[in-house]
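*Asks:* Build me a structure from this.
(3 chains)
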Amino acid sequence: MKRFHSLAELAPEATRDLLALAARLERASEPRALAGRQLGLLFLDPSLRTLASMQAAMARLGGTSVVLSPGRGSWPLEHRAGAVMDGAAAEHVREALPVLGGYFDALGIRAFASGADLAADLADADFAAMTALAGVPTINLESALDHPCQALADWKTLDDLGIPTHGKLVLSWASHPKALPLAVPAAVLHMAAARGMEVVVLRPDAYALPEPVLARARTAAARTGGRVTETANRREAMEGAHSLYGKSWSSPLHYGDPETEKENRKRLRDWTIDLDWFDGAAAAARFLHCLPVRRNVEATDAVLDSPRSSVVRQAHNRLWAQMAVLHRLLGGER
Amino acid sequence: MKRFHSLAELAPEATRDLLALAARLERASEPRALAGRQLGLLFLDPSLRTLASMQAAMARLGGTSVVLSPGRGSWPLEHRAGAVMDGAAAEHVREALPVLGGYFDALGIRAFASGADLAADLADADFAAMTALAGVPTINLESALDHPCQALADWKTLDDLGIPTHGKLVLSWASHPKALPLAVPAAVLHMAAARGMEVVVLRPDAYALPEPVLARARTAAARTGGRVTETANRREAMEGAHSLYGKSWSSPLHYGDPETEKENRKRLRDWTIDLDWFDGAAAAARFLHCLPVRRNVEATDAVLDSPRSSVVRQAHNRLWAQMAVLHRLLGGER
Amino acid sequence: MKRFHSLAELAPEATRDLLALAARLERASEPRALAGRQLGLLFLDPSLRTLASMQAAMARLGGTSVVLSPGRGSWPLEHRAGAVMDGAAAEHVREALPVLGGYFDALGIRAFASGADLAADLADADFAAMTALAGVPTINLESALDHPCQALADWKTLDDLGIPTHGKLVLSWASHPKALPLAVPAAVLHMAAARGMEVVVLRPDAYALPEPVLARARTAAARTGGRVTETANRREAMEGAHSLYGKSWSSPLHYGDPETEKENRKRLRDWTIDLDWFDGAAAAARFLHCLPVRRNVEATDAVLDSPRSSVVRQAHNRLWAQMAVLHRLLGGER
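*Replies:* Numbering: from 1, shown residues only, chains lettered A, B, ... in the order given. Predicted structure coming up:
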């Protein structure tokens, strides 16, 4: 494996290999597998799970990692080609990335969507530009349009929970005070389709996912016998569901327009996921979320504290999933 | 040892064991004792000594550590049960703590007092709630009411300096521009009483320590032949003292009322500890402070630069004391 | 080697030894050379290269490092002797440095110039005061007047590129929105003179370097057959040059006067280094810069993206140069 940018660019057997390796590493440690290997972690945006679990993953495999945070201890970065840099940004990614590539064996990069230019975010333009400059294997720690570490951990979680490969997963929009990126819904939608599931995107009409996001998932579903549909009808969506994945995201219709988003959201306060959402679901249906979750806004305490909730297990699987990725990127090839 | 939250919950022999181990580790390194062990360090508040010495301690024992700082690179955390999270906090401790517990073999947590609700702070409510969620051994890196790493290092320092077990320690309030937490005075008072010392709390009347803090120390003193008293009379307090421990703290009478605190403090500018405070003390009496210390406000340059000052030695003992704690929490039990 | 503060205080054979060791470490790793050694890194100012490469360097030699950032997670530091600390700074360097010296085998310190008091900055007063307090070997990670890690890496880069020992290096002032420190120009000027080069400082008249900076370089040049001159004439400076080192710095005439600096700079917008600057230079002349560089302000995209640019190679050499320094400071002497 030369890079880990998206599950969508991995062959099915490569994903299966990572899942098997993650399960093996959970059972049996390999504390010297990456001895002497160095990972650089470039965080342009905040993180708890990714920040903690990537460092823990490297350490558990005997390697080391270094965190860099532009704007918080390191220089603020410019991304635009041709920019006249007389503003706040002291350094351009055209220098920063090749420089860091010389210090580390691989680089993880977290760079959220701009939230302003939907076409650029759908093309994952900033992330693509940065990784092209690095000169070493790169790992997507959440870009504008993808979050493959999350998706791989979620796939493992669905397996761990015994949720059927062709089971039904509802990916539901949820209330949130802010307009959030499309990375997690896009990654989870593709993952569930690639796993062969019947995926229903449950969302208010203004929050229909962009066509390229749906198309990518449909392509995966076509290969696996999965299915991808959208609806605003909660009862219909949840009928017989094996899992409900809650997540908020920006309206593609009002992308980069926070005022309209705010107005929209005032009318959508009933999109706080509660226990009664599971009324028509399978008896053992699970609640999933990538975290962080805003309690009593995205989902109620009742849901998060119920036996249905598997959100902590998802987060724990980040560790094993990422250890598998690091092992394949950096292991045994010196 | 399953956790390290307070010297007050350790059996006397457990404290003696830690002190003996700290002394041994200072003399003879054990660079592989914690090989393959991972420590998560959750800093909700600033730190120099704790931040540096915990990482150095893990590294000297062959383990690794990862620092997480909510609000500075990681998501700001919500603590309140039942909160509707539509404000600044993106994540609740109910998720954050169990998640981190899955990544690390132990967690250290630093979470200062609210400074607003005395009863909650005296109950150490936030810290107790967080540690209950972690699922792995936890270490108190300073909570609302305790700072056992400091207390253990101070106990070792008193031993190192040859200050008699039943000697006299004056814990004195000192000037400071801010209303500071009760954690260090409470921890030091208990530590000195548990060591068997005659402890005198020297403070202006408005700064008498809360009854639960005094009661905990008196209970310890009753077991060891120590004694705990309070006074506002400096000459009487310092008479024959073997050590003067300077520290500022909030007035329990005006807790959460910074305006009254500010007015009070204008009248207390003579509470800057100077060399003449030692006039009636033992010839070899030492000055102690947990650091950071505000020079020429809490204590003069003359005190801090005199041979009486042992503040740097206290800070150095943090390293050995914490190595002992980590060794007992994480060592030899895989 | 007991400290690494400036190339100017190293014997010529010590510098040659570091360069040879850096080249050897680039070819052949020594992954256990500093096993069990701990480095503390005190960053009072932002950094990308130094922050990343010092940690990577320690890790590649088998040691560990810990980063401390006063004001960003650690207490803001006071430097002034005799200060009454009732302001923002919670801790004095008189405590912080000896404390950290007890936790680590060596300390790296980054503390930029005040930018206000030229005499104090030329004396490197804050850095000297801090290192005198540490009690362990100290490394200059950029002080008010020096940046020896950069200078050593640049020397190696000039060697790597085959630029003649007695070749011509032009150190040119460049446009920049801010008044920057003198550390890099002072260190590079000395380095090139100590390498035996003909160094021409090309700058507007108001940006002539201070006499002590020039004198130090001339002393080095006198030993090596190098030469140090200054000019404002670009064509004359660049005639036959083997390398052009771009860097902005503050005007010594208007030090600590940002308004006058701002006005000056409006008239100096043609000091953006472009490809035509190389018109009279040697055919293979190289562009150098310590980074971060402000594209299209200090130098154009055309220069930075041309084959002349060696700025990334310079940055990569930071790693090997610093590994050599750490090896000599901490290796094989336990």
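*Asks:* Every contact and neighbour count from this point should use C-alpha atoms.
*Replies:* OK.
*Asks:* Which residues are in contact with whichever residue of the stretch 51-200 of chain A sits closest to chain B?
*Replies:* Ranking the residues of the stretch 51-200 of chain A by distance to chain B (CA to the nearest CA) places residue A:177 first, at 5.7 Å. The neighbourhood of residue A:177, defined by CA atoms under 8 Å, 6 or more residues apart in numbering or on different chains, consists of A:262, A:265, B:86-87.
*Asks:* Which of the residues you listed fall within helices?
*Replies:* Taking DSSP state H, the ones among the contacts of residue A:177 that sit in helices are A:262, A:265.
*Asks:* ok so, going back, next, the residue of the stretch 51-200 of chain A closest to chain B: phi, psi?
*Replies:* Residue A:177 adopts backbone torsions of phi -70, psi -20, taken as degrees, to the nearest 10.
*Asks:* for the one 5 residues further on, same thing?
*Replies:* Here is the backbone geometry of residue A:182 (degrees, to the nearest 10): phi -90, psi 0.
*Asks:* confidence score at it?
*Replies:* We have a pLDDT of 98 for residue A:182.
*Asks:* pretty sure it contacts residue A:250?
*Replies:* Yes. In terms of CA atoms under 8 Å, residue A:182 counts as a neighbour of residue A:250; the distance is 6.9 Å.
*Asks:* Give me the more crowded residue out of those two.
*Replies:* Remark: of residue A:182 and residue A:250, residue A:182 carries more neighbours, 28 against 23, as counted by other CA atoms under 10 Å in any protein chain shown.
*Asks:* Could you confirm whether the longest helix anywhere in chain A reaches chain B?
*Replies:* Here the longest helix in chain A is taken by residue count, with DSSP H as the criterion, and it is helix A:311-330. Yes. In this structure, helix A:311-330 sits against chain B according to CA under 8 Å from any CA of the partner chain; the contacting residues are A:312, A:315-316, A:319.
*Asks:* picking that back up, just curious, which of the contacts of residue A:177 is nearest to chain C?
*Replies:* Looking at those and their distance to chain C, the nearest is residue B:87, at 22.9 Å (CA to the nearest CA).
*Asks:* circling back: now the residues of helix A:311-330 next to chain B in a markdown table, with distance to chain C, neighbour count and pLDDT?
*Replies:* As requested, these are exported to a markdown table (distance: CA to the nearest CA, whole Å; neighbours: other CA atoms under 10 Å in any protein chain shown; pLDDT from 0 to 100):
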| residue | distance to chain C | neighbour count | pLDDT |
| --- | --- | --- | --- |
| A:312 | 28 | 22 | 98 |
| A:315 | 26 | 28 | 98 |
| A:316 | 26 | 20 | 98 |
| A:319 | 22 | 27 | 98 |
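*Asks:* what sits against the residue lying closest to residue A:325 once chain neighbours are set aside?
*Replies:* Leaving aside its sequence neighbours, residue A:325 sits nearest to residue A:18 (CA to CA, 6 or more residues apart in numbering or on different chains; 6.6 Å). For residue A:18, the set of contacting residues under the criterion of CA under 8 Å, 6+ apart consists of A:321, A:324-325, A:328.
*Asks:* Same question for residue A:106.
*Replies:* Residues A:38-40, A:136-139, A:330 are the ones in contact with residue A:106 under the rule CA under 8 Å, 6+ apart.
*Asks:* pull the helix or strand with minimum mean pLDDT from chain A.
*Replies:* Per-element confidence for chain A was summarised using mean pLDDT, DSSP states H and E. The lowest value among helices and strands belongs to helix A:258-266, with a mean of 89.
*Asks:* just checking, next helix/strand downstream of it?
*Replies:* Along the chain past helix A:258-266, the next helix or strand (assigned with DSSP states H and E) turns out to be strand A:286-288.
*Asks:* Please list the residues outside that next one that contact it.
*Replies:* Strand A:286-288 is touched from outside by A:242-246, A:303-304, A:308-311, A:314, with contacts defined as CA under 8 Å, 6+ apart.
*Asks:* List the buried residues of that strand.
*Replies:* A:286-288 (16 or more other CA atoms under 10 Å in any protein chain shown).
*Asks:* Tell me which helix or strand comes right after that strand.
*Replies:* With DSSP H and E setting the assignment, the helix or strand that follows strand A:286-288 is helix A:301-304.
*Asks:* Residues contacting that next one, please?
*Replies:* A:273-275, A:287, A:295, A:309, A:311, B:82.
*Asks:* wait, which of those residues is closest to chain C?
*Replies:* When those are ranked by distance to chain C (CA to the nearest CA), residue A:295 comes first, at 27.4 Å.
*Asks:* OK, contacts around the closest one?
*Replies:* For residue A:295, the contact set (CA under 8 Å, 6+ apart) comprises A:301, A:304, B:82-85, B:92.
*Asks:* One more: residue A:145?
*Replies:* Contacts of residue A:145 by CA under 8 Å, 6+ apart are A:113, A:121-124, A:181-184, A:186-187.
*Asks:* Quick check: residues of chain A near chain B?
*Replies:* Counting by CA under 8 Å from any CA, chain A comes close to chain B at A:31, A:45-49, A:51-53, A:55-56, A:59-60, A:62, A:69, A:72, A:176-177, A:291-297, A:301, A:312, A:315-316, A:319.
*Asks:* got any ranges where the stretch 1-150 of chain A has weak pLDDT?
*Replies:* In the prediction, the stretch 1-150 of chain A carries no residues with pLDDT under 70.
*Asks:* Run through the helices of it in chain order.
*Replies:* For the stretch 1-150 of chain A, helices defined by DSSP state H, counting those that start in this stretch occupy the ranges A:12-27, A:49-60, A:93-101, A:118-122, A:125-134, A:148-160.
*Asks:* If you count neighbours, what's buried in the last one?
*Replies:* The one in question is helix A:148-160. Buried residues in helix A:148-160, defined by neighbour count with 16+ other CA under 10 Å: A:148-158.
*Asks:* what do you get for the fifth one?
*Replies:* Taking 16+ other CA under 10 Å as the basis for neighbour counts, the residues of helix A:125-134 that come out buried are A:125-127, A:129-131, A:133-134.
*Asks:* what's the neighbour count on the residue of the stretch 151-300 of chain A found nearest chain C?
*Replies:* Distance from chain C to each residue of the stretch 151-300 of chain A (CA to the nearest CA) is smallest for residue A:292, at 22.3 Å. Counted with other CA under 10 Å, residues neighbouring residue A:292 total 20.
*Asks:* what's the farthest-apart pair in the contacts of helix A:301-304?
*Replies:* Of all pairs drawn from these, the widest gap by CA to CA lies between A:287 and B:82 and measures 18.9 Å.
*Asks:* Closest one of the contacts of residue A:145 to residue A:230?
*Replies:* Proximity of the contacts of residue A:145 to residue A:230 was ranked by CA to CA; the top entry is residue A:186 with 13.2 Å.
*Asks:* Quick one: residues contacting the spatially most central residue of chain A.
*Replies:* Averaging the C-alpha coordinates of chain A gives a centre point, and the residue nearest to it by CA atoms, centre = their mean is residue A:147 (2.7 Å). For residue A:147, the contact set (CA under 8 Å, 6+ apart) comprises A:5-6, A:140-141, A:183-184, A:187.
*Asks:* Could you work out the most separated pair of those residues?
*Replies:* Maximum pairwise distance in those, criterion CA to CA, is 13.3 Å, between A:5 and A:184.
*Asks:* which neighbours do these two share?
*Replies:* Both residue A:5 and residue A:184 are in contact with A:146-147, where contact means CA under 8 Å, 6+ apart.
*Asks:* Strands along the stretch 101-250 of chain A, start to end?
*Replies:* A:106-110, A:138-140, A:168-173, A:198-202, A:227-231, A:243-247 (DSSP state E, counting those that start in this stretch).
*Asks:* Most tightly packed of those?
*Replies:* Counting by mean count of other CA atoms under 10 Å in any protein chain shown, strand A:168-173 has the highest mean neighbour count of those, with a mean of 27.
*Asks:* what residues does chain A put near chain C?
*Replies:* Residues of chain A that fall close to chain C, judged by CA under 8 Å from any CA: A:36, A:38, A:64, A:66-68, A:70, A:72-75, A:82-87, A:90-92, A:95-96, A:98-100, A:102-104.
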